[in-house]
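A.B. asks: Have a look at this fold, sequence not included:
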């Protein structure tokens, strides 16, 4: 940068890093979609698992989701942020080194994920499967990105922050907090760790993270990109500044509270479930406000949709955002959720957001960026149009097939005959009915993939027809200005203080007892009235508090952090401060601690008070996690008649006190396993793992025959038990010291039982170890177990 004689200076943007992220996004998008097609085929044809551990559905499904979210959308997000931030601030990114560290570090994380997940190296938590060393890498890269971003804000040449930057700020700070909290793990080795949270606590933290990762990784940054690129492509200003203010603050405040709607009708405390449901319904308002703000930006220019494929992608992408944010709150209503949860309906909902909202926004942005990054014209608008129609057909077919399949599954599972018993006791019957829908999903996915291949070809030809260029801008030379209002004065102004009090009032109301609630409501009403009065005063004086805040990035960021943390604190702290120490009678003490979180009024049932896993069961559980069994099986029986008839008594919170991580699952391609312990003999489990069709005709589960020959690593069990002891599991020193001997003894009992049935199997076989864990599921220290009215078939 050099100052010109006319007291101006020319700034050259760093568009090289934008090009790099864009290319990486296109490449990894292809990988994500190809893996997605493969796992879709695996659900129709088990042979597509290829009889190897590395390519099973349980290991590839996390690879698909991580590639789609963090590789495809993540790289697209960085590309959009780097391009738009520099132009909105009229300055180059503060540090080229940090920009490229962000790029190469992020690609290294993606490659590490692509290697580790097929190897079975996982933490067993949805959207957070990556092992702890990779988590550390993510934190380092995100810190570099955040440092570069806020440094650039500090050296900006524009006084105020445009709306897109608000959403970027929310993304940077919120993702940092979410990742750090959910990554609290205790390592037992380089590739293995246990979550420091267990059972219900772990479930709450995980879905606080999982829901808000969707909100602040797949939504807020893409909304920021929408607010920049849609007006650029349309040649029109954003429809409403005021609506964007309401959209932003409403979304940031409300979104963080809604995580528990992923755990409705489970063992999660009722107050937390209700809180999540209420705030999910409230999300309709800010979400649709943002959608309308995007769509109405095109007012007076709707005719451009006929000829401009870029606008087609952007507008339909925003429409899918509206559809997803309507469907999400709908699914958070307990009655609707009771039908939809664990079914393919949720899969359709997720892909509507990921492929319809994120995927179409990415396509529109890439088609808009490519000619500008390579100083040329888009190679073919006809190919872009073809991509649009193929992609639209594909995602609509995908979503429709999953909606039909999901509703069908939910109705199959809950159908009762005239006597009040299960009409379809065999779980596989519902699976067979979904087969045609699974085939339709493959067709939809292939159509979407073909469209994306057209995008890839179009972008390659566009780049080859031009040459890489970096944008430039001429700005006035720096001047000394009179000091403006300080951050402190802005933050202590009446509008900010009242806004903070309103947020605090909401938190107090959310966690207050029924006796204190009327007081909290009265205080909140008084604060709201005061806020209205202050707003009227500011309106009369024609002062805009928010415009002052937009010129103070530090104050703005602190307020965003406060608003985001308010929901997290209100949700998580009451659950996390429960005393976890387990003295003389560990099972009863831990169960009582969890019971204080429950809304159930009946006393704890001693049948469900848990003892720690035996050494062999603990190792078997790690195998279960490694193979990704939670991707197809839940371990959470909901308190519905049809579920207790099919699976056994409903799940209680105290039963999961020693589960690090929790394994409740979110999809049932196979039956729930929480009461499977003791239901079938060891031979049944052996045959089921060797060939699932031998015990469950029609199952689409792949065979796990290689587990028979894979040896269990007994030497690592003591270290794992020591780690569990540090987390509050009451293993004694003697139990840890004798762990290997005890594990071998339990394995010998299973081996002898199988030998009596004519099965020869090695004592150290991982299959023996897994059977030990499966036989423990749902069984407390007492031998008596609840009766099951109808034994299910299963996959």
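C.D. replies: Now that the structure is in, tell me what you want to look at. Because the structure is a prediction, the values reported are computed rather than measured. Numbering: from 1, shown residues only.
A.B. asks: all contacts plus neighbour counts: C-alpha atoms, from now on.
C.D. replies: Noted.
A.B. asks: contact partners of stretch 126-133?
C.D. replies: 62, 65-66, 113, 116-117, 121-123, 183, 185, 187, 190-193, 206, 210 (CA atoms under 8 Å, 6 or more residues apart in numbering).
A.B. asks: Make a PyMOL selection of whichever of those turn out to be buried.
C.D. replies: In PyMOL, the members of the contacts of stretch 126-133 classed as buried (16 or more other CA atoms under 10 Å) are selected with the following command:
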select buried, resi 62+65+66+113+116+117+121+122+123+183+185+187+191+192+193+206+210
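A.B. asks: what's the burial count for the residue nearest to residue 158 when sequence neighbours are not counted?
C.D. replies: Residue nearest to residue 158 in three dimensions, not counting chain neighbours: residue 89, with 5.2 Å by CA to CA, 6 or more residues apart in numbering. Using other CA atoms under 10 Å, the number of residues around residue 89 comes to 21.
A.B. asks: Quick check: phi and psi on residue 89?
C.D. replies: As for residue 89, its main-chain torsions (degrees, to the nearest 10) stand at phi -100, psi -10.
A.B. asks: now the one 4 residues further on
C.D. replies: Its backbone dihedrals place residue 93 at phi -50, psi 140, with angles given as degrees, to the nearest 10.
A.B. asks: That one and residue 761: what is the separation?
C.D. replies: Applying CA to CA, to the nearest Å, one obtains 61 Å for the distance of residue 93 from residue 761.
A.B. asks: neighbour-wise, which of those two wins?
C.D. replies: For the pair residue 93 and residue 761, the greater number of neighbours falls to residue 93 (27 against 17), based on other CA under 10 Å.
A.B. asks: Check whether that one really touches residue 15, as I assumed.
C.D. replies: No. Residue 93 lies out of contact with residue 15 (CA atoms under 8 Å); the separation is 9.8 Å.
A.B. asks: Now do the shared contacts for these two.
C.D. replies: residue 82.
A.B. asks: so where does the closest residue to residue 79 other than its chain neighbours fall, helix or strand?
C.D. replies: In this structure, residue 79 finds its nearest non-sequential neighbour in residue 18, 4.5 Å apart by CA to CA, 6+ apart. Secondary-structure element containing residue 18, defined by DSSP states H and E: helix 16-42.
A.B. asks: next SSE after that helix?
C.D. replies: Using DSSP H and E, the helix or strand that directly follows helix 16-42 along the chain is helix 57-66.
A.B. asks: helix/strand/coil for the closest residue in space to residue 754 that isn't next to it in sequence?
C.D. replies: When the adjacent residues along the chain are set aside, residue 754 lies closest to residue 683, with 6.1 Å between them (CA to CA, 6+ apart). For residue 683, the secondary-structure state derived from DSSP: H, G, I helix; E, B strand; the rest coil is helix.
A.B. asks: For residue 94, see how far away residue 683 is.
C.D. replies: Distance of residue 683 to residue 94, computed by CA to CA: 64 Å.
A.B. asks: circling back: residues contacting the residue nearest to residue 79?
C.D. replies: Residue 18 makes contact with 78-80, 82-83, according to CA under 8 Å, 6+ apart.
A.B. asks: And it, what's its pLDDT?
C.D. replies: Model confidence at residue 18, expressed as pLDDT, equals 98.
A.B. asks: Next: residue 592.
C.D. replies: In the prediction, the pLDDT value recorded for residue 592 is 41.
A.B. asks: Equivalent analysis for residue 695, please.
C.D. replies: Per-residue confidence for residue 695 comes out at a pLDDT of 94.
A.B. asks: Residue 683 is in contact with that one, correct?
C.D. replies: No. Between residue 695 and residue 683 no contact is recorded; they are 10.3 Å apart, counting by CA under 8 Å.
A.B. asks: what's the angle between the helix holding residue 18 and helix 57-66?
C.D. replies: Per axes from the mean of the first three to the mean of the last three CA atoms, to 10 degrees, the angle that helix 16-42 makes with helix 57-66 is 150 degrees.
A.B. asks: State the distance from residue 464 to residue 458.
C.D. replies: Computed with CA to CA, the distance linking residue 464 and residue 458 is 10 Å.
A.B. asks: ignore the last one, residue 646
C.D. replies: When CA to CA is the yardstick, residue 646 and residue 458 sit 52 Å from each other.
A.B. asks: Let me see the ranges of the strands in this protein.
C.D. replies: Per DSSP state E, the chain carries strands over the ranges 2-3, 8-12, 185-187, 193-195, 472-476.
A.B. asks: what are the pairing partners of the last one, and which direction each?
C.D. replies: In other words, strand 472-476. Each strand that pairs with strand 472-476, with its direction, by DSSP bridges: strand 8-12 (antiparallel).
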